[in-house]
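1. Here you go, sequence then predicted model.
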Amino acid sequence: MKHNGFTIIELMIAVFISSLVIAGAFNIQTVFNQTSQQQEEISDMQNTLDGLKNYMRRTLKNSGAGMATNVEIRSCSGATEILPVINIHNRNNYPVWSDFADGGTDNDPDWIEFIHPTSVAVTSVYDWFSPTWAKVYSTVGFTAGDVVAVNVGAFSCIRRINYILNSNPSYLGWYSRGGAYCINPGDDSHPSCGISNNTYNPTQTVTITSLGEFPFQALRIDNTTYKRPILMHGIRTEQNGQSTYTWSPLAENVEDMQIAWHLDTSVPMDERGDIWINSRDPLPTENGRIRSIRISLVVRTFRDNSKIRSFRPAFEDRTAGTPDNYKRRTITFNISMPNRPITGGTL
């Protein structure tokens with residue numbers, strides 16, 4: 001007698017075969033998803049490196065152009081800060097912990113402070129300047145609220161414009177002290193530039209450079225959380241009579257930044273770097289002698305993967321890391337710097 005349908009044994013065989021097919025499909029899908037995710041993370045790492053390279057070249061290449069070796073900032077309270085236009089730190093500490101010892105090995109990322117003008121215009125003193133006004137050849141490119149550098153001798157002294165008169169001749173005014181204009185000193189003086197509460201007729205041309213908004217910036221890696229290193233962008237702001245950085249994330253999963261700098265040792269200085277230094281900060285006598293920098297960046301995947309055994313590579317004076325479960329990408333590039341300080345005029 002013929003029966004329609006399936007026996008129990010046939011159904012069990014069919015279910016078993018189907019389960020094998022479904023399990024195989026799930027495994028294939030899982031492998032596909034993992035491969036796709038890995039490829040996406042690798043693409044993200046490369047995009048991060050390419051973006052940072054372009055950003056750093058664009059931002060750093062004009063740092064310090066048209067300025068003296070050092071910058072003096074004075075606050076309303078009379079506090080004074082002296083800053084180089086470019087400063088490279090071999091230790092990742094903030095506040096800064098300087099390292100002036102040659103040689104040795106590094107155990108953390110490097111970081112850099114720099115002046116990046118958001119707008120650049122240059123004029124010069126036409127006749128005189130005082131604690132409240134400067135009589136200048138032109139005010140083209142200058143705007144109320146701009147931070148400007150008055151270049152005297154080996155220093156650029158910082159003030160903020162609050163009034164412009166486009167008459168003949170033109171005037172820049174900086175007498176307001178308070179609120180947004182608090183970098184104009186309360187006692188009208190800039191000791192490093194030899195400026196006190198007087199009116200001056202310069203004996204040699206004094207230039208004034210517009211730097212746009214407060215142009216003091218920094219790049220530093222926050223690696224306090226091992227699983228989430230972040231490249232931070234800092235902007236100096238004035239608080240409580242002195243300046244300090246306000247930090248914000250620029251790029252995630254940036255594990256290391258190592259910086260070497262090309263020092264001009266020629267006397268007198270020329271257009272070329274002579275030796276590369278990667279294991280210390282620039283000495284105060286070397287400010288203004290950095291001709292180019294070499295930056296090495298290491299980025300890694302957001303997630304660790306137990307199937308991967310990798311380690312952070314060695315760059316410059318920093319040794320390699322210990323094996324872990326992250327994939328990494330690296331990049332190294334050079335940036336020429338216009339760090340040839342001008343000699344400002346005299347009073």
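-> Right, received. Where do you want to start?
2. in the chain, what secondary structure element scores lowest on mean pLDDT?
-> helix 8-60 (a mean of 76; mean pLDDT, DSSP states H and E).
3. neighbouring contacts of the next helix or strand after that one?
-> Going down the chain from helix 8-60, the next helix or strand is strand 70-74, by DSSP states H and E. The list of residues contacting strand 70-74 from outside it, by Cβ atoms under 8 Å, 6 or more residues apart in numbering, reads 80-85, 115, 149, 154-158, 183-185, 189-193, 243, 287. Glycine gets a C-beta too; all of them are placed from N, C-alpha and C.
4. and the closest residue to Pro117 other than its chain neighbours, what is it in contact with?
-> Among residues not flanking Pro117 along the chain, Leu211 sits closest, at 4.3 Å (Cβ to Cβ, 6 or more residues apart in numbering). Applying Cβ under 8 Å, 6+ apart, we find Leu211 in contact with 115, 117-120, 146-149, 158.
5. so what's Leu211 scoring on pLDDT?
-> On the pLDDT scale, Leu211 is placed at 91.
6. just the buried members of the contacts of strand 70-74?
-> 83-85, 115, 149, 154-158, 183-185, 189-190, 192-193, 243, 287 (16 or more other Cβ atoms under 10 Å).
7. do you know how far Met12 is from Ser19?
-> 11 Å (Cβ to Cβ, to the nearest Å).
8. before we move on, what SS does Phe142 have?
-> coil (DSSP: H, G, I helix; E, B strand; the rest coil).
9. Run a quick neighbour tally on it.
-> Applying other Cβ atoms under 10 Å, we find 22 residues neighbouring Phe142.
10. Report the contact partners of it.
-> Residues in contact with Phe142 (Cβ under 8 Å, 6+ apart) are 121, 123, 148, 161, 164, 172, 210.
11. Quick check: nearest residue in space to the fifth one, chain neighbours excluded?
-> Read that as Ile164. Thr139 is the one closest to Ile164 (Cβ to Cβ, 6+ apart), at 5.1 Å.
12. That neighbour belongs to a strand?
-> No. Under three-state DSSP, Thr139 falls outside any strand and is assigned coil.
13. Hmm, Leu172 and it touching each other?
-> Yes. Using Cβ atoms under 8 Å, Thr139 is in contact with Leu172, at 6.4 Å.
14. quick one: which of those two has more around it?
-> Taking other Cβ under 10 Å, Thr139 and Leu172 do not tie; Leu172 has more neighbours (25 against 21).
15. That one: what's its closest spatial neighbour, skipping adjacent residues?
-> That would be Ala134: by Cβ to Cβ, 6+ apart, it lies 4.7 Å from Leu172.
16. any chance you could read off phi and psi for that neighbour?
-> Main-chain dihedrals, Ala134, degrees, to the nearest 10: phi -130, psi 130.
17. Wait, it touches Cys157, no?
-> No. Assessed by Cβ under 8 Å, Ala134 is found out of contact with Cys157, at 11.8 Å.
18. Mind listing the shared neighbours of these two?
-> Between them, Ala134 and Cys157 share the contacting residues Val150, judged by Cβ under 8 Å, 6+ apart.
19. re earlier: ok, the residue nearest to Leu172 - contacts?
-> 125, 128, 150, 171-172, 174, 208.
20. of these, buried ones?
-> Counted by 16+ other Cβ under 10 Å, those give 125, 150, 171-172, 174, 208 as buried.
21. Please convert those to TSV, extending it with distance to Asp256.
-> Below are the buried ones among the contacts of Ala134 laid out as TSV (distance: Cβ to Cβ, whole Å):
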residue	distance to Asp256
Val125	46
Val150	39
Tyr171	50
Leu172	44
Trp174	42
Ile208	40
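22. now, the most widely separated pair of those?
-> Val150 and Tyr171 (14.1 Å; Cβ to Cβ).
23. Just grab the bridge partners of Ser156 for me.
-> Val71, Asn151 (DSSP bridges).
24. Kindly apply the preceding question to Ser243 instead.
-> Counting by DSSP bridges, Ser243 forms beta bridges with Glu238.
25. so it makes contact with Thr237?
-> Yes. The criterion here is Cβ under 8 Å, and Ser243 meets it with Thr237 at 6.5 Å.
26. Tell me how far Thr80 lies from Ile342.
-> In this view, Thr80 and Ile342 are 21 Å apart by Cβ to Cβ.
27. same question, Ser292
-> 19 Å.
28. Just the contacts of Ala134: which are in strands?
-> In this view, these that belong to strands under DSSP state E are 125, 128, 150, 171-172, 208.
29. between those residues, which is closest to Arg280?
-> Nearest to Arg280 among these, with distances taken as Cβ to Cβ, is Val150, at 31.8 Å.
30. Not counting its neighbours along the chain, what's nearest that closest one?
-> Using Cβ to Cβ, 6+ apart, the closest residue to Val150 is Cys157 (4.9 Å).
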